[in-house]
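Asker: I would like to see how this sequence folds:
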Amino acid sequence: MRTNLPLIAPSAAHAATELARTEWPQKGAENQRAIAAPEAPMGARKTFVCRTNLFCAFLWPQIFRGLRASSGIVIGCVTLLPIAAPAATPAARPNIVFVLTDDQGYGDLSAHGNPVLKTPNLDALRAQSVRFTDFHVSPTCAPTRSALYTGRHEFKNGVTHTILERERLTLGATTLAEVLKGAGYTTGIYGKWHLGDEAAYQPGKRGFDEVYIHGGGGIGQTYPGSCGDAPGNTYFDPALLHNGTFEKTKGYCTDLFFAQALRWIEGVKARGGPFFAYIPTNAPHGPYNARPEDAALYRGKTPDEQTANFFGMLHNIDENVGRLLARLEAWGLARDTLVVFMNDNGGTAGTKVFNAGMRAQKGTPWLGGTRASSFWRWPARLQPADVGALTAHIDFFPTLAELAGVTLTPAVRAQVEGRSLVPLLTRPDAPWAERTLFTHVGRWPKGTAPGLAKFKSCSVRETRWHLVSIDGGVEPAWQLFDLANDRGEQRDVAKEHPEVVRRLAASYDAWWDSVQPMLVNEKVLGPRLNPFAELYWKQFGGGPTPEQLRTMDPTRDPLAGSAGKAGKAGKKRN
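Answerer: Residues are numbered from 1 along each chain as shown. Next comes the predicted model:
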């Protein structure tokens, strides 16, 4: 049963948020103060740390205008009136547009050195953004999405696969969309959800006001149980679920998602108030079906037809991003809108051409499987810069919550294990403590004990070190790479640094034990019919064929005998 948690703490202003410190944008000095907040009506006295950060600096003049001698927050000899979260005035909080592409790799941008692909609009966005150059996601799509929207590792959300009910985001988690909606944002999603297709798991029940999506992990997919799209769907003229009702469309999928998002933004703009538009494209995920005119741009320049279509799909995304940015500018929204761009896992078809010097690709724990683009453009507040700190998808939730002026409740703070990136957005060389990130591809065979795959395709990452086990199982097969001297992960230095191996391996053991109680989807048996297919037939008539019934049979494992193949990666680097 779902745990309904209060989303906004009733006690403190964002000027009294916790956990970190940064400098004033107007000054160079770091400043941290302990603040004793008065008792809330329902709670005990609490201590907060005031961060002189991006958002605090914006609101400080407004806070001081509200000083009263009778109020109860004391800073030295200054008394401040407590402010209930969300603390920001509407003008200080950004609109947010988040574009997440599917299976585009870090190397699939011309600005990152790709010698064939041209992405002028994404390059321009990158040039105008704060760029996190050592930013990491999960090796596959649903795991990344669950981490982005909860601020914690996907295994803690029950997400250990992309199908077989193991892609469902536990109903006990509070999502970022719920937090933003609770803070007064209007929220919309346009594209790929992939965190559960049953009614209770769909985005309309997880914090999104407007929903325009396909089902499953890709357009036209059908898998056993609940994960699947409307029957017969393709990238051209797909039937898309719009607020609970299918619409038969005309056009190419990516064009449709961006166009619908822009229509929605225009309507929300007219009503006023901040908005959060999430545009998770299904492209360039396979099957590689580009618009013919886009694929034609790359024929004869790539190794094969698949790669030409893959690059054509990215060309189309790039054009849509250009239209999005131009429309925000024309509407007068660009300055006060935070645009975030990411890809959801390592590269795929494009790695045949270029992989930015990294080893391996999607579906592996190597850097080539997890390193992602992460661009943050907010013209009113952020200056373009490179940030080299080790950062990750789990940091997305707390960062947007902070920028939106939200003070998270203790229960939601306990859920979030990522860090706010606000210090780095404000000052790229801000202090950033060492951290440890854990990666596991998951995807162990259906019905088997997770412990049998404990050391299969997993890794432990610190800034300098990367401990990787590809072919382990119950026992590890650790390899150690010194990323300060070997970003391509070509030389195993485990024997030269046994103390590092022992330390990181011990942290992995503790992490693995901590997630076991949270693997809630492992034994779930899905429904007889994909919910999207069932709804489609209810709306338009028809029903499943014997073959479709066989494909959707929840007792069937479509990957039997093939699990783990993606974990084996050679040393090819492009």
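Asker: residue contacts, the residue nearest to residue 94 when sequence neighbours are not counted?
Answerer: Leaving aside its sequence neighbours, residue 94 sits nearest to residue 338 (C-beta to C-beta, 6 or more residues apart in numbering; 4.1 Å). Glycine gets a C-beta too; all of them are placed from N, C-alpha and C. Residues in contact with residue 338 (C-beta atoms under 8 Å, 6 or more residues apart in numbering) are 94-97, 376-378, 403.
Asker: next one: residue 216
Answerer: Residue 216 is in contact with 163, 194, 197, 222-223, 227-229, 530, 532, counting by C-beta under 8 Å, 6+ apart.
Asker: ok, now with 10 Å
Answerer: Contacts for residue 216 (C-beta atoms under 10 Å, 6 or more residues apart in numbering) come out as 162-163, 167, 192-194, 197, 222-223, 226-230, 233, 282, 530-533.
Asker: and residue 496, by the same measure?
Answerer: Residue 496 touches 480, 482, counting by C-beta under 10 Å, 6+ apart.
Asker: distance check, it against residue 489.
Answerer: Distance of residue 496 to residue 489, computed by C-beta to C-beta, to the nearest Å: 15 Å.
Asker: could the contacts of residue 338 go into JSON lines alongside neighbour count, secondary structure and distance to residue 397?
Answerer: Shown next, in JSON lines, are the contacts of residue 338 (neighbours: other C-beta atoms under 10 Å; DSSP: H, G, I helix; E, B strand; the rest coil; distance: C-beta to C-beta, whole Å):
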{"residue": "94", "neighbour count": "24", "secondary structure": "coil", "distance to residue 397": "16"}
{"residue": "95", "neighbour count": "22", "secondary structure": "strand", "distance to residue 397": "18"}
{"residue": "96", "neighbour count": "22", "secondary structure": "strand", "distance to residue 397": "12"}
{"residue": "97", "neighbour count": "24", "secondary structure": "strand", "distance to residue 397": "16"}
{"residue": "376", "neighbour count": "24", "secondary structure": "strand", "distance to residue 397": "14"}
{"residue": "377", "neighbour count": "22", "secondary structure": "strand", "distance to residue 397": "19"}
{"residue": "378", "neighbour count": "23", "secondary structure": "coil", "distance to residue 397": "17"}
{"residue": "403", "neighbour count": "25", "secondary structure": "helix", "distance to residue 397": "11"}
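Asker: relative to residue 368, which of the residues you listed is nearest.
Answerer: Residue 368 lies nearest to residue 376 out of these, by C-beta to C-beta, at 23.0 Å.
Asker: quick check: which ranges of the stretch 1-150 of the chain have low pLDDT?
Answerer: 1-91 (pLDDT under 70).
Asker: correct me, but residue 352 touches residue 306?
Answerer: Yes: counting by C-beta atoms under 10 Å, residue 306 is a contact partner of residue 352 at 8.8 Å.
Asker: which residues touch residue 447?
Answerer: Applying C-beta under 10 Å, 6+ apart to residue 447 gives the contacts 164, 522-523, 555, 557, 560.
Asker: so where do the strands sit in the stretch 301-450 of the chain?
Answerer: 337-343, 371-372, 374-377, 385-387, 391-392, 437-440 (DSSP state E, counting those that start in this stretch).
Asker: and these: which comes nearest residue 542?
Answerer: strand 337-343 (36.2 Å).
Asker: could you list the buried residues of the closest one?
Answerer: By neighbour count on 16 or more other C-beta atoms under 10 Å, the buried set for strand 337-343 is 337-343.
Asker: relative to residue 355, how far out is the residue nearest the centre of the chain?
Answerer: The C-alpha lying nearest the average C-alpha coordinate of the chain belongs to residue 148 (C-alpha atoms, centre = their mean; 3.3 Å). According to C-beta to C-beta, residue 148 and residue 355 sit 23 Å apart.
Asker: and the closest residue to residue 111 other than its chain neighbours, what helix or strand is that in?
Answerer: Leaving aside its sequence neighbours, residue 111 sits nearest to residue 123 (C-beta to C-beta, 6+ apart; 4.0 Å). Here residue 123, judged by DSSP states H and E, is contained in helix 120-127.
Asker: quick one: that helix to strand 337-343, angle?
Answerer: Counting by axes from the mean of the first three to the mean of the last three C-alpha atoms, to 10 degrees, helix 120-127 points 110 degrees away from the direction of strand 337-343.
Asker: which helices and strands does the helix or strand following helix 120-127 pack with?
Answerer: With elements assigned by DSSP H and E, the helix or strand that comes after helix 120-127 is strand 130-132. Taking 3 or more C-beta pairs under 10 Å, 6 or more residues apart in numbering; DSSP states H and E as contact, the helices and strands that strand 130-132 lies on are strand 337-343, strand 374-377, strand 385-387, helix 422-426.
Asker: and if we set it to 6 Å?
Answerer: Applying 3 or more C-beta pairs under 6 Å, 6 or more residues apart in numbering; DSSP states H and E, one finds that strand 130-132 makes contact with strand 374-377, strand 385-387.
Asker: quick revisit: save the strands of the stretch 301-450 of the chain as JSON lines, and put in distance to residue 319 too.
Answerer: Converted to JSON lines, the strands of the stretch 301-450 of the chain look like this (distance: least, C-beta to C-beta, whole Å):
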{"stretch": "strand 337-343", "distance to residue 319": "14"}
{"stretch": "strand 371-372", "distance to residue 319": "21"}
{"stretch": "strand 374-377", "distance to residue 319": "17"}
{"stretch": "strand 385-387", "distance to residue 319": "26"}
{"stretch": "strand 391-392", "distance to residue 319": "28"}
{"stretch": "strand 437-440", "distance to residue 319": "33"}
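Asker: looking at those, which is nearest to residue 479?
Answerer: Nearest of the strands of the stretch 301-450 of the chain to residue 479, taken as C-beta to C-beta: strand 437-440 at 13.7 Å.
Asker: partner strands of that closest one, with direction?
Answerer: The pairing partners recorded for strand 437-440 under DSSP bridges are strand 456-461 (antiparallel).
Asker: picking up where we left off before, tell me if I am right that the residue nearest to the centre of the chain is in a helix.
Answerer: Yes: per DSSP: H, G, I helix; E, B strand; the rest coil, residue 148 lies within a helix segment.
Asker: so who does it touch?
Answerer: If a contact means C-beta atoms under 6 Å, 6 or more residues apart in numbering, then residue 148 has 393, 396 as its contacts.
Asker: ok so, going back, what comes up buried for the helix holding residue 123?
Answerer: Buried residues in helix 120-127, counted by 16+ other C-beta under 10 Å: 121-122, 124-126.
Asker: please apply the same query to stretch 340-358.
Answerer: By neighbour count on 16+ other C-beta under 10 Å, the buried set for stretch 340-358 is 340-356, 358.
Asker: span of it from start to end?
Answerer: Using C-alpha to C-alpha, to the nearest Å, the end-to-end distance of stretch 340-358 comes to 23 Å.
Asker: and stretch 543-555, by the same measure?
Answerer: Using C-alpha to C-alpha, one end of stretch 543-555 lies 20 Å from the other.
Asker: mean confidence score for it?
Answerer: The pLDDT scores in stretch 543-555 average 97.
Asker: same question for stretch 208-217.
Answerer: 98.
Asker: on that earlier part again, any chance of the buried residues of helix 120-127 in JSON lines, plus distance to residue 459?
Answerer: Formatted as JSON lines, those follow (distance: C-beta to C-beta, whole Å):
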{"residue": "121", "distance to residue 459": "33"}
{"residue": "122", "distance to residue 459": "28"}
{"residue": "124", "distance to residue 459": "34"}
{"residue": "125", "distance to residue 459": "30"}
{"residue": "126", "distance to residue 459": "27"}
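Asker: what is the rounded mean pLDDT of the longest helix belonging to the chain?
Answerer: When every helix of the chain is counted residue by residue (DSSP state H), the longest turns out to be helix 305-330. Here helix 305-330 scores 98 as its mean pLDDT.
Asker: what's that helix packed up against?
Answerer: Using 3+ C-beta pairs under 6 Å, 6+ apart, the elements in contact with helix 305-330 are helix 120-127, helix 253-271, helix 292-295.
Asker: and these: which comes nearest residue 178?
Answerer: Closest of these to residue 178 is helix 253-271, at 17.9 Å (criterion: C-beta to C-beta).
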